[in-house]
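Student: need coordinates for the below:
(chains A, B, C and D, ligands or ions: 4)
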Amino acid sequence: MTDPAPRSLPRDTQLEMQRRMLRIRRFDERASKMVKRGQIPGTVHTSIGQEAQVVGACMALGDTDFMTGNHRSHGHPIGKGAPLGPLMAELVGKSGGVCQGKGGSLHLADFAVGSLGESGIVGGSIPIAVGAGLSSKVLANDRVSLAFFGDGAANQGCLYEGMNMAGVWKLPVIFLCENNQYALSTPAHTVTSGVIADRGSGFGMPGVRVENGQDVLAVHEAVSAAVQRARAGDGPSLVEVITYRYNEHSEGLRLGVDYRNAQEKAQWLARDPIVLFREDLIRRGVAAAEELDALEADVLREVDDAVAFSDQSPYPELSVAFDDLYSDSRFAVHRFRDSSFGTLEAVR
Amino acid sequence: MTDPAPRSLPRDTQLEMQRRMLRIRRFDERASKMVKRGQIPGTVHTSIGQEAQVVGACMALGDTDFMTGNHRSHGHPIGKGAPLGPLMAELVGKSGGVCQGKGGSLHLADFAVGSLGESGIVGGSIPIAVGAGLSSKVLANDRVSLAFFGDGAANQGCLYEGMNMAGVWKLPVIFLCENNQYALSTPAHTVTSGVIADRGSGFGMPGVRVENGQDVLAVHEAVSAAVQRARAGDGPSLVEVITYRYNEHSEGLRLGVDYRNAQEKAQWLARDPIVLFREDLIRRGVAAAEELDALEADVLREVDDAVAFSDQSPYPELSVAFDDLYSDSRFAVHRFRDSSFGTLEAVR
Amino acid sequence: MTVMSYLGAIGAAQKEAMLADERVVIIGEDVEANVYGTTGGAGKSRASEGDFLQQFGRNRIRNTPISEEVIVGAAIGAAMTGLRPIVDLSYSSFLYMAMDQFVNQAAKNRYMFGGQASVPVVFRSAMFYGLNTGAHHSDRPYPMFMNVPGLKIVTPAFPSDAKGLLRTAVDTDDPVLVFEACVLWGSKEEVDEREYRIPFGVGRSVRTGTDATVIAVSGAVPEAVAAADALAPEGISVEVFDPRTLVPLDVEGILDAAARTGRVVVADPAHRTCGAAAEISALISEHVFDALRGPVRRVTTPDVQIPFSPALEKQLYPNRVAIADAVRASLGVAAPTTGRDGDDSTGPDGSGGTPPSGQDAAVATGAAR
Amino acid sequence: MTVMSYLGAIGAAQKEAMLADERVVIIGEDVEANVYGTTGGAGKSRASEGDFLQQFGRNRIRNTPISEEVIVGAAIGAAMTGLRPIVDLSYSSFLYMAMDQFVNQAAKNRYMFGGQASVPVVFRSAMFYGLNTGAHHSDRPYPMFMNVPGLKIVTPAFPSDAKGLLRTAVDTDDPVLVFEACVLWGSKEEVDEREYRIPFGVGRSVRTGTDATVIAVSGAVPEAVAAADALAPEGISVEVFDPRTLVPLDVEGILDAAARTGRVVVADPAHRTCGAAAEISALISEHVFDALRGPVRRVTTPDVQIPFSPALEKQLYPNRVAIADAVRASLGVAAPTTGRDGDDSTGPDGSGGTPPSGQDAAVATGAAR
Ligand SMILES: Cc1ncc(C[n+]2csc(CCOP(=O)(O)OP(=O)(O)O)c2C)c(N)n1
Ligand SMILES: Cc1ncc(C[n+]2csc(CCOP(=O)(O)OP(=O)(O)O)c2C)c(N)n1
Ligand SMILES: [Mg+2]
Ligand SMILES: [Mg+2]
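Tutor: Numbering: from 1, shown residues only, chains lettered A, B, ... in the order given. Ligands and ions are numbered 1, 2, ... in the order given. So this is what the prediction gives:
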């Protein structure tokens, strides 16, 4: 597990990595609590434990690069730099939410930071990322596109269609598999034939496996190489990162069976990505403990502020339900607003 | 292109190989003519030039093994041993057709010989073959299942979903890619990233490439190894066979552009699988030229008989259009036969 | 008779079918761990007695990769070659992933191969609407499958129907899609614990009445009953008819129920355009036009996708208020001025104020007036 | 004005759009070689002048692998990030392969992301029915897409509409599905060779009449016109109205046309159950019930899959005979006893006898009587 990652990134970058990992951790911890208290409707899927994998990948991208994600959704936009307030308001269903309350946890998106949308459909956003890579290529604007997906999603056919298309057209796309070793209750090895990273070569691209996915710099290095390759016009890469989620698949889910054993969990908890990186930063003299403590306090405040932002944001008006289905009118399925509601007499 | 294929198969088997290749050739030649004369409605896709690949694979299977195919459809059931008459009648749309005239060229099936159906949807029958492998496994009945698909279909996602499922469950399935190097007008190399056979290993199975797909024994050997592996319970294999179609994608199709150059075509015509195998049989003393001449004449008669069978078969009654949609009544969408036709007064 | 929940009844039917026929297998994501609650024992956990995995083993309980297209396709292929799979597709919103296999293989194979293929396979999925999970989990897609000849479509609204119809589905030699509305999961009923079947194409008269008829589908059935309850004190007697299976459809039963009162409301949680309500409306107009005393009214989910916010979602589905309003409209009577009945929508006790929880039927639910 | 064929008009619109906007790209299988006839020059061949590949190059003419799911998904992603793709999906029967991308991404993204996403993409496909290609190529699947809020659905029946509606489609910031019936490919019309647009949601009154109204969709439009022609000598004056776009739907135009005569037939080549005809019938009954002088009648393809044999296929689609019969039924008049009109179905001159070619409307086509 020793890793030759270049510990020579600018100090600010390294601190920003730690900050974003902390943001994800604290945001998700808070969201988890709010679900249990009934303050967030539905459920959420936390990225707690996977922060290094998320942030290492996101920070290998530039601000204008694109990204798509999945149901384990909060980490991705946070990792890409999205402000927390509108994300939290979205989880609660407020009008100040980044999607005006229409998306919720499963469908976060923040186009301002290149986040083109998380998908509640496992695998569903992979083709979208390929398309973003296609437009970069056609418009020659140098933007890279990264698709996050899980070990479970790695068995969706659209991934291989996407890898093939991106490969043959040399699109600037990175297929990033967040292998947290389980898909809901299902251990990856029981449903995966072969090794996910090994699937790259058959599609003409490098397939890299980051065994130490709890090391943010290791992830960053692997993804940076893929970004470089993409920007050079050499096409896509497949990067598989081994990681672990600490919480249950989703908050509030109670299964009669525990499909993960305690020892395994303990081993992973002992390799916490945020703790590891904190120690690393101190050991290498990048930052002092006090500085990191301050950063942590700062992030806690950011999350408090996000909740406050959400609190003061009103719920959307019911009429908002009829906005933004189409571009050209509030509700244009039929030319009669009412024809999706009742009989014509209602408005005539 | 020398090949270590075991030329030691039983004489009868070798002659049967030549017979089935000839059946495909002559059947498809006749069908092509009939399309041009308007005797077969719609169109057909011939396997002319690909006989070795088809027959080598089919004859590696046992009689009760399963097989699915695609739009290039006649060769598969013929290769699996289906009688020609009902196939020809099906192409014409007669009631004596193997599908009672309801399928046509694109949807041949002869369950009596394990042919579970050709699919007009590119890639569509691959999951079906996986399912046949699943039932073999669950019922422990030792049957192997083979899916034929083209180089074009090799970019459909369902192939990889199928390879993964068959791999992880060790299903007795063979994924057989008929790489005739074109998908309609599209050269495979322009739309395929990497090498198809190489895609096996990422899914935990052997990926074999038969470069000399015009040699029926070479194909037979590779597929036999896959069959053995499947029957031993070791799971699926991917076999890619390089071959060539002589005719246009479909009969009657006229494109303004010729996407294949004359030299390439000439080279492949010079390596005709049936001519090659005839010479091989004679050279090795398996059969004399006269014997093979007789066999050829025999096959021509079989095709004539198939046409005669079709000729004497009546067209189906219109009411047949309402049979076999469901198992339990002739036309059971609604309990009112007429409700798909008009108003109730018609029958009340 | 035993009191069973909707999910419990489904689990019971699955177990009966597994015990009755070795060829029945269960295929789906997370079926081993019983994540979706129909492959467990009484205690709903793997450890508990009666657990499917323990009882039937991995050969027949097939925990799959997340590969809907090949799950569905392989189930079809398995059905064509000797098995009788029950496929658990968890949520209905994931069916689109396998649409080609449903339409081009499941629905067409028997027909196009001239009767050679038999495709005895059941596809179960839950319509997970009304739970604030947003547009990717809230679909009610049965209408698009109704447009595909060759599929059978079942929408049980009661535990007893869920059990009896599922047994029939497993017996059927055709592909059957069962749509289970999660809003019904909690409902309980006395259910015969012995084996029984409910035939397809025979609707259930849920309630008789003389003034108006509500044809209600799936999750709209209890709402229609509640609307009928609410209207009774106003002196309005409402018949509620649940077709139970949409293909085959109990056209005769629907027409009789419609013609009896001549005033018809169709309540259907699917989107409006080309939905089940459209078909039922068209059939009624076609066949018993002369018996109608006014237009057939549809109460459906409007043609928008499903928003996440609790302030937005629930009001969109057909509810008791909207159905009652539509019935009153069909009779040309006004709603009583004393406060609205049947408002049971509850908003989460969130920070920053409670989301608007009332069901403003006039704006939100499409009641005709 | 120039005489253009239906396909020629589509090709012309595509070229105009490519010339007008650099962001427009064409994506699809075999588009380089112009296999489907809308990316070629006058001579329809790559070599000929005006060929799309030569003119626009491989950067904008994207010849794809056979991977419908990612073709559709990538087009959506590209549309969300700056391109305006026209996707050629060849035949409508292949759309199911990408159903998830249509429903869960194309239709939902703008809505679910609160307006952040714009999805300006056009998906063209040919409904290849009536050509004896069997069940895997003959689908007419637009009704299932009508049930998906967020998509726009266009079904041009004339070359001039094909051109003008396609330009509007490319201009639209929403996903548009264009269904092109191959039975219309051969039709010719005077078309303005200059740029023009036809707005969505505005139907075309194809023919005016006073006794009955036929609302006809896609390939049924010329059949409806032929039926009107056939009925004229019988003294029956028929209005024919083509909605042209199914989403948005010209409800007002349909209602006006229906109410004008009070006798309505809807002719729709899709399958019957939950088809476009069901929706149109339900809308008419809902909104202009009092103007109706009888039930709205549907003439559709019956709910069977499409058989291959020429003896079976053609009779299944709504044709002039069936439409005329339905109109007569709506008027309560009998068909004239002198031989049937409008029988233009031709069987192939096959061996073993000619397939039965007549259109036995009473049995085969669902004419109401
Ligand atoms: C197409 C589809 N199938 C199934 C589901 C249900 N589901 C949601 S998350 C999940 C597990 C996903 O596992 P993985 O891709 O490994 O992501 P992780 O949750 O481990 O981050 C499943 C089965 C879904 N949302 N979409
Ligand atoms: C899903 C789907 N997409 C596209 C088509 C149209 N189509 C029919 S055959 C074909 C080419 C297939 O190429 P390949 O798989 O290599 O088989 P070959 O014809 O070369 O034998 C195409 C594009 C189809 N039938 N189905
Ligand atoms: Mg996982
Ligand atoms: Mg090919």
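
Student: residues contacting the residue in the stretch 101-250 of chain C that chain D sits nearest to?
Tutor: Of all residues in the stretch 101-250 of chain C, C:Met144 sits closest to chain D, at 3.5 Å by Cβ to the nearest Cβ. All C-beta spots, glycine's among them, are computed from the backbone N, C-alpha and C. Neighbour list for C:Met144: C:274, D:143-144, D:147-148, D:274 [criterion: Cβ atoms under 8 Å, 6 or more residues apart in numbering or on different chains].

Student: let's see it at 10 Å
Tutor: C:Met144 makes contacts with C:95-96, C:99, C:102-103, C:270-271, C:274-275, D:99, D:103, D:141, D:143-148, D:274, as judged by Cβ atoms under 10 Å, 6 or more residues apart in numbering or on different chains.

Student: give the buried residues for the helix or strand where it lies.
Tutor: According to DSSP states H and E, C:Met144 maps onto helix C:142-146. Judged by neighbour count using 16 or more other Cβ atoms under 10 Å in any protein chain shown, the buried positions of helix C:142-146 are C:142-146.

Student: tell me the mean pLDDT for that helix?
Tutor: Averaging pLDDT along helix C:142-146 yields 98.

Student: circling back: export the buried residues of helix C:142-146 to TSV and append columns for distance to B:Trp268.
Tutor: Converted to TSV, those look like this (distance: Cβ to Cβ, whole Å):
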residue	distance to B:Trp268
C:Tyr142	50
C:Pro143	50
C:Met144	45
C:Phe145	45
C:Met146	49
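
Student: need phi/psi at the nearest residue to C:Ser5 once chain neighbours are set aside.
Tutor: Spatial nearest neighbour of C:Ser5, chain neighbours left out: C:Lys188 (5.3 Å); criterion: Cβ to Cβ, 6 or more residues apart in numbering or on different chains. Dihedral angles phi and psi of C:Lys188 (degrees, to the nearest 10) take the values phi -130, psi 150.

Student: and A:Gly285, what does it touch?
Tutor: A:Arg11.

Student: where's it, which helix or strand?
Tutor: According to DSSP H and E, A:Gly285 maps onto no helix or strand at all.

Student: same question for C:Ala259.
Tutor: helix C:251-261.

Student: does chain D sit close to that helix?
Tutor: No - using Cβ under 10 Å from any Cβ of the partner chain, we find that helix C:251-261 stays clear of chain D, coming within 10.6 Å at best.

Student: same question for that helix, mean pLDDT?
Tutor: So the average pLDDT for helix C:251-261 ends up being 97.

Student: show me the beta-bridge partners of A:Ile242.
Tutor: A:Asn179 (DSSP bridges).

Student: my guess is it meets A:Val208, correct?
Tutor: No - counting by Cβ atoms under 10 Å, A:Ile242 sits too far from A:Val208 to count as a contact (11.4 Å).

Student: neighbour-wise, which of these two wins?
Tutor: A:Ile242 (21 against 17; other Cβ atoms under 10 Å in any protein chain shown).

Student: could you measure from the closest residue to C:Val288 other than its chain neighbours over to C:Gly253?
Tutor: Leaving out its chain neighbours, the residue that sits closest to C:Val288 by Cβ to Cβ, 6+ apart is C:Ala259, at 4.4 Å. Per Cβ to Cβ, to the nearest Å, C:Ala259 is found 11 Å from C:Gly253.

Student: so for these two, which residue has more residues nearby?
Tutor: Between C:Ala259 and C:Gly253, counted using other Cβ under 10 Å, the more crowded position is C:Gly253 (20 against 17).

Student: that one and B:Tyr244: what is the separation?
Tutor: 60 Å.

Student: select the longest helix from the chain.
Tutor: This is for chain A. The longest helix of chain A (DSSP state H) is helix A:11-36.

Student: think we crossed wires, I meant chain C
Tutor: helix C:6-20.

Student: ok so, going back, immediately after the longest helix of chain A, which helix or strand?
Tutor: helix A:51-58.

Student: quick check, the next helix or strand after that following helix touching chain B?
Tutor: Beyond helix A:51-58 in the direction of the C-terminus, DSSP H and E gives the next helix or strand as strand A:66-70. No - using Cβ under 10 Å from any Cβ, we find that strand A:66-70 stays clear of chain B, coming within 17.0 Å at best.

Student: pLDDT of whichever helix or strand comes after strand A:66-70, averaged?
Tutor: Per DSSP H and E, the first helix or strand lying C-terminal to strand A:66-70 is helix A:75-79. Mean pLDDT, computed over helix A:75-79, is 98.

Student: gap between the closest residue to ligand 1 within chain C and C:Thr301?
Tutor: Evaluated by Cβ to the nearest ligand atom, chain C has C:Phe94 as its residue closest to ligand 1, separated by 4.1 Å. Using Cβ to Cβ, we find C:Phe94 at a distance of 19 Å from C:Thr301.

Student: likewise C:Leu283?
Tutor: The value you get for C:Leu283 to C:Thr301, if Cβ to Cβ is used, is 20 Å.

Student: now do the helices in the chain.
Tutor: The chain I'm using is chain A. A:11-36, A:51-58, A:75-79, A:84-92, A:126-139, A:157-168, A:188-191, A:216-231, A:262-269, A:273-283, A:289-312.

Student: my bad, the chain I had in mind was chain C
Tutor: C:6-20, C:52-56, C:68-80, C:99-100, C:109-112, C:142-146, C:159-171, C:220-231, C:251-261, C:276-288, C:320-331, C:361-364.

Student: please identify the deepest-packed of those.
Tutor: Of all the helices of chain C, helix C:68-80 carries the top mean neighbour count, a mean of 31, counting by mean count of other Cβ atoms under 10 Å in any protein chain shown.

Student: tell me the average confidence for that helix?
Tutor: The model assigns helix C:68-80 a mean pLDDT of 98.

Student: wait, does it contact ligand 2?
Tutor: No - Helix C:68-80 does not reach ligand 2 (Cβ under 6 Å from any ligand atom); its nearest approach is 12.0 Å.

Student: neighbours of C:Met1, how many?
Tutor: 10.

Student: burial count for the residue lying closest to it once chain neighbours are set aside?
Tutor: Distances taken as Cβ to Cβ, 6+ apart place C:Glu190 nearest to C:Met1, at 4.4 Å, with adjacent residues excluded. Residue neighbour count, defined by other Cβ under 10 Å, stands at 11 for C:Glu190.
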